[in-house]
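Q: here is a sequence together with a model predicted from it:
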Amino acid sequence: MNLLTKYFFLTAIIFFSVVQLQAQVTLKGTVHDAHTNEPVPYASVYLKSTGYGQTSDSAGNFSFRVSKLVKDSLVVSYVGYQNAVTVVTGSSDNVALNIQMQRGGLNNAVIVKTSFNKGLFLWKKIMSKKKMYNRSNLPNYGYEAYNKLEVDIKNLKIKKIKRNPLLKPFTFVLDNIDSTSEKEPFLPAYLLESISDYAYQKNPKKYYENIRANNIKGFKNESITKLTGVMNQNVNVYANFVNVMDKDFVSPFNDNGDDYYIFSVPDTQIQNGKKIFHFVFRSKHPGQNTFEGDAWVTAQTYQIQKISLYLGKDANINYIDRVSVFQEFIPINDSVYFLSRDKFYADFRALGKQSLTLIGRKTTSYRNIVVNSDSIAALFKEQKIAEIVKTDNTLTELTDSTWQQLRHDSLSENEKTIYETVNKLLQMPKFHKLERTIKFIATGYKNIGNIEIGPWFNWISANQWEGTRFRFDLGTNTGFNKHIYLHGYGAYGTTDKKFKGMLEAFWILKKYPRFRLHASYLNDIDNGISQIGEVSQDNIFSLAIRKPNVNRKFVSVKDSRFEIFKEWGKGGFSTELFLAHRSYTPLQNLPLKSDFPTKLGNPLTSFDIALKLRFAYLEQFFEGDYFRYSLGTKYPIVELTATKGISGIANSAYDYSKLSLMVRDKMKISPYGTVTYKVYAGKVFGTLPFAFLENHPGNDIYYYNPNVYDLMNRFEYLSDQWAGINVEHNIGSGLFRFIPITRKLKWRQFWTAKTLWGSLSQANNALNNAKSNFKTLNNNTYIEVGTGIDNIFKLLRFDFVWRLSKDPSALNKTSRFGIFGSFQFQF
């Protein structure tokens, strides 16, 4: 080969090499979970046309080079996710991609049956170490927790918002919409943060949390502050059940988890020189409250390194489009792995798929973790009750520079924008006006200066005695006084042409533990005596649901009372002392005042002293400006009330005594739902008119009430000694999960039973029943049983109730069956 030929070949080689080099394209990026934004490790990444590609690393990253790329589809696949397909071109040398993978695909996964079930084998190995790795089995532990909750809004109708005259002043917030971080744009809307010290002890079981700092814009409420801590938000994947929105879901590591889940091990990897298994789980039976997801588990030690839990599409939960739980564990010594960070993400959606959606993103990180500590043991030695959550009055007053030092990680650009936007909104008078309007519509109350009016739904109603009834309420708010609340209302009936009303005053001497005084005067129609927990009939909505052909009984009452309520410490024990003067005047379908002649004082007039003892251990409350609302307790609530009637005071006519006892509780019996029960009994000592005996609570409307006998009318039965048991078992999906249509509709099943025993002494029967106005339960048991359909359209419940007790005196008059409706908001 001569020199010219050699030169030609050398030139050709260089030319084609350069062309080849210029044609190569680098494809790189990161694979993320679309909901939690966690990296997806070891996902398969390849080009559709050639199958060429690689597996993402433990951090979800990938990078590989291809030649002659004009246009192709990059496919990313991973067990438990839908394939993510992205169109790529060779328009540049480097193509950077952010792959968002959506959950799904497990239910359609192909199951290859083998003689050896590797997934079940690995699950049994994990379960053999459950007691060792479950942090609840440690003698004690503690840590510093940084909690962050971000609320975003998705599916905003931007054009409608801009045209809405009420919302137009606030359209500047739309400039913050994030259209790049995720597949669907969203608006970062609210953010709150907290720093707390948390401790736990196994035996005796005790919890402690000190919320040292809290960053909440627009709210100053200790109840909200306590909810931002970690006490009520701990997810323990090793527990038998994982609580999601107050519903227990079966954990993959439930002691009987193999009855609820299908397990598999599709992959094994080497990480830092150690073998780890990819452990995948999904529901075995549709309609059960279970998870789907995966975990990475170390070989030999069978410790969970990372785990992701997702609610399946058949989970019976309302208003939640999807829920994701992610947890990561790190070793803190040779034998103990502990939680280092976790995420809980949930999408809240009330209507259809394209309706407004709230995305809640809670992230928690843990530092300064200690286990089996003498200092924690010393702390709990001084703690007398099982749970304590402490807050500081100055915890919301920290500066931005202080927060920068406290945070476990810095705020993202979205999070910084949220604080700027909220601060701007809180300075706008129009925003506060809109806030007041929404509150008035939703709650019925409206503040005008230092005065509060409402609720609006009590402004008009009607009944047989008063005709059309008009009522108007006025009360004070915190602008008048933060510790004293004054309230009153006036009412007028167009048929009886009488004015009625009430005046009352509350004085809160101390909030924690609570100590308050209450004085009131009432002069009004009483639709029922001691009808505790009923839906009020003094509102416009009751007009449409009254039972027909019921002879309603009306009585007028004048009631003057003074009450002293005091909580004793933090253990849940409280006392309430009552001084009450009552005078009744029967108006319709009841014995007249003249039927009860007295030697001393006025008929149907009493002066009572009563003491109520209440024990509700570790009961939680949501605190309002003046009143608080119980969030319940894990323990039974016990109430004992003793009443003494004294004659000769302000024309009171009766000497008597009354004792009553009530125990109630709501118990979770997962996975079989919840059971609510109430057991009660009482006795009246003395011969008295009906107003001071036990008028067993009946129901004159078709709205179901768990605290009354729904097929019994008001004032139907009278007793001077009684006992009863009410039970309700909410099963959950129950039988409905076996029917595809009802499983899709998320109907829920329940049953109820109410029993009552009572008697009336001969003397009280002779005094009250001369005209057979009342019935007695002597030698008979009153029983109501029911079942029905709950969660219809996520809001409506229908109860089908049967009255099983025999009543020979009214066999043809008494309703033996009824259908009742009710509304309730529940997840």
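A: Great, that's in hand.

Q: from now on I want contacts and neighbour counts done on CA atoms only, so please keep to that.
A: OK.

Q: could you name the helices and strands sitting against the strand or helix carrying Lys558?
A: Element membership of Lys558 [criterion: DSSP states H and E] is strand 554-568. In terms of contacts (3 or more C-alpha pairs under 8 Å, 6 or more residues apart in numbering; DSSP states H and E), strand 554-568 is packed against strand 515-526, strand 573-588.

Q: mind putting the ones you listed in JSON lines, mean pLDDT, distance to Lys794 and mean neighbour count included?
A: Output for the helices and strands packed on strand 554-568, formatted as JSON lines (pLDDT from 0 to 100; distance: least, C-alpha to C-alpha, whole Å; neighbours: other C-alpha atoms under 10 Å):
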{"stretch": "strand 515-526", "mean pLDDT": "93", "distance to Lys794": "34", "mean neighbour count": "19"}
{"stretch": "strand 573-588", "mean pLDDT": "93", "distance to Lys794": "37", "mean neighbour count": "19"}
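
Q: and the ones you listed as TSV, adding distance to Leu600?
A: Compiled in TSV, these are given as follows (distance: least, C-alpha to C-alpha, whole Å):
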stretch	distance to Leu600
strand 515-526	23
strand 573-588	14
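
Q: looking at these, which is closest to Ser308?
A: Proximity to Ser308, assessed across the helices and strands packed on strand 554-568 by C-alpha to C-alpha, is greatest for strand 573-588 (41.5 Å).

Q: ok, Asn61 - contacts?
A: Residues in contact with Asn61 (C-alpha atoms under 8 Å, 6 or more residues apart in numbering) are Lys28, Gly29, Thr30, Val31, Pro41.

Q: most neighbours among those, which one is it?
A: Most neighbours among the contacts of Asn61, by other C-alpha atoms under 10 Å: Val31, with 29 neighbours.

Q: report all helices and strands that the one helix or strand it maps to contacts.
A: Assessed by DSSP H and E, Val31 sits inside strand 25-33. Judged by 3+ C-alpha pairs under 8 Å, 6+ apart, strand 25-33 is in contact with strand 61-66, strand 94-101.

Q: check these for me: which has the lowest mean pLDDT.
A: Among those, strand 94-101 carries the lowest mean pLDDT, at a mean of 76.

Q: take the helices and strands packed on strand 25-33 and write them to a markdown table, including distance to Ile451.
A: Formatted as a markdown table, those follow (distance: least, C-alpha to C-alpha, whole Å):
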| stretch | distance to Ile451 |
| --- | --- |
| strand 61-66 | 61 |
| strand 94-101 | 52 |
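
Q: ranges for the strands of the stretch 151-300 of the chain?
A: Taking DSSP state E, counting those that start in this stretch to define them, one finds strands in the stretch 151-300 of the chain at 186-201, 206-216, 241-244, 247-250, 261-271, 274-283, 291-298.

Q: before we move on, back to that, what is the nearest of the contacts of Asn61 to Gly287?
A: Nearest to Gly287 among the contacts of Asn61 is Pro41, at 29.9 Å by C-alpha to C-alpha.

Q: give me phi/psi at that closest one?
A: When read as degrees, to the nearest 10, the backbone of Pro41 gives phi -80, psi 150.

Q: hang on, isn't it packed against Phe62?
A: No - here Pro41 does not reach Phe62: they are 9.7 Å apart, not a contact under C-alpha atoms under 8 Å.

Q: now do the shared contacts for these two.
A: With C-alpha under 8 Å, 6+ apart, Pro41 and Phe62 have common neighbours Ser56.

Q: now for Asn83: which residues touch it?
A: Val75, Val76, Ser77, Met101.

Q: element containing the first one, please.
A: Using DSSP H and E, the secondary-structure element containing Val75 is strand 71-77.

Q: buried sites along that strand?
A: The neighbour-count check on strand 71-77 (16 or more other C-alpha atoms under 10 Å) flags Asp72, Ser73, Leu74, Val75, Val76, Ser77 as buried.
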